[in-house]
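Participant: Need a 3D model of the following:
(one chain, ligands or ions: 1)
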Amino acid sequence: SDYVVGLTGGIGSGKSTVADLFVARGVPLVDTDAIAHELTAPGGAAMPALLDAFGPAIADAAGALDRAAMRRLAFADPLARSRLEGILHPLIRSLSAQRCQAAAAPYVILAVPLLVESGSYRERCQRILVVDCPESLQIERVMARSGLSVEEARAILAAQASREQRLAIADDVLVNDGERAMLDPQVAALHLKYLQTAMKIPK
Ligand code: ATP
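Facilitator: Numbering: from 1, shown residues only. Presented below is the predicted three-dimensional model:
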């Protein structure tokens, strides 16, 4: 597909929930988080370079990336973090571009948690859809899901783009500040709009 809708939002905003609703309507989803997991699964394309850079201690018994070990290393050592990103990010960028291109549909959803923070993904999107909710709700959802403390949840939010920065680059905003049931009607309306716009683009 030549029409790429970038889907983003802060942690706990409801990106995955919204992505699922587009998938339920038959829209192909390219998810950079899922690609990162694929690349670091046993036999994943990033594993040889990661083992080379960090040694066997960063893999678990099955040969997948040991996420806890990698997270500790990346937090403790900024150089390790940038080496990790230097290996993973180009692979995620090229695989996601390939899959968007290959998707046989009028448009494709490209889910990128840090889309606002990353110019290269922004450039690739015809449209940017931001899932928005108040930060207090993000914190509630993150705490409920992961058992993090309020301080830990706040620290994660503080490391991301702000709600205002996200809204500033949004072409469309999907409001997720209440019942889950409010999402599908918004997805239905956006789906119609994206189909109409995408099918008008000359090939
Ligand atoms: P992350 O960035 O952490 O991956 P996300 O933006 O993909 O999060 P989701 O996983 O969709 O967000 O939602 C975060 C949590 O909040 C999930 O447990 C989800 O079930 C819940 N949730 C999402 N939307 C609502 C809602 N409207 N009402 C109640 N719970 C919700």
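Participant: remind me which residues of this protein are low pLDDT?
Facilitator: 201-203 (pLDDT under 70).
Participant: how about the residues of it near the ligand?
Facilitator: With CB under 6 Å from any ligand atom as the criterion, the chain meets the ligand at residues 9, 11-17, 113, 141, 145, 176, 179-180. To be clear about C-beta, it is placed using only N, CA and C from the backbone, and glycine gets the same treatment.
Participant: Now list the buried members of these.
Facilitator: 9, 11, 12, 13, 14, 15, 16, 113, 141, 176 (16 or more other CB atoms under 10 Å).
Participant: Can you flag which of the residues you listed belong to helices?
Facilitator: 15, 16, 141 (DSSP state H).
Participant: Just the closest of the buried ones among the residues of the chain next to the ligand to residue 78, please.
Facilitator: Distance to residue 78, by CB to CB, is smallest for residue 113 among these, at 20.3 Å.
Participant: give me every residue that touches that closest one.
Facilitator: By CB atoms under 8 Å, 6 or more residues apart in numbering, the contact list for residue 113 reads 8, 9, 11, 15, 32, 33.
Participant: taking those one by one, which sit in strands?
Facilitator: Counted as lying in strands by DSSP state E, out of the contacts of residue 113, are 8, 9.
Participant: Columns distance to residue 163 on top of the ones in helices among the buried ones among the residues of the chain next to the ligand, output as a markdown table?
Facilitator: Output for these, formatted as a markdown table (distance: CB to CB, whole Å):
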| residue | distance to residue 163 |
| --- | --- |
| 15 | 14 |
| 16 | 18 |
| 141 | 14 |
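Participant: Of those residues, which is the nearest to residue 193?
Facilitator: Ranked by distance to residue 193 (CB to CB), these are led by residue 15 at 19.0 Å.
Participant: got the contact list for that closest one?
Facilitator: Contacts of residue 15 (CB under 8 Å, 6+ apart): 7, 8, 9, 111, 113, 131.
Participant: So the second one sits against residue 118, correct?
Facilitator: So that's residue 8. No: proximity of residue 8 to residue 118 does not meet the contact threshold set by CB atoms under 8 Å, at 9.4 Å.
Participant: Contacts for the helix ranked longest in the chain, please.
Facilitator: Scanning the chain for the longest helix, with DSSP H as the assignment, gives helix 78-102. With contacts defined as CB under 8 Å, 6+ apart, helix 78-102 is touched by 1, 4, 30, 32, 35-36, 39-40, 45-46, 49-50, 53-54, 70, 73-75, 108, 110, 112, 120-121, 124.
Participant: can you redo the residues of the chain next to the ligand as a markdown table with distance to residue 104?
Facilitator: Listed next are those as a markdown table, based on distance: CB to CB, whole Å:
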| residue | distance to residue 104 |
| --- | --- |
| 9 | 27 |
| 11 | 32 |
| 12 | 32 |
| 13 | 29 |
| 14 | 27 |
| 15 | 24 |
| 16 | 23 |
| 17 | 25 |
| 113 | 26 |
| 141 | 34 |
| 145 | 34 |
| 176 | 29 |
| 179 | 34 |
| 180 | 30 |
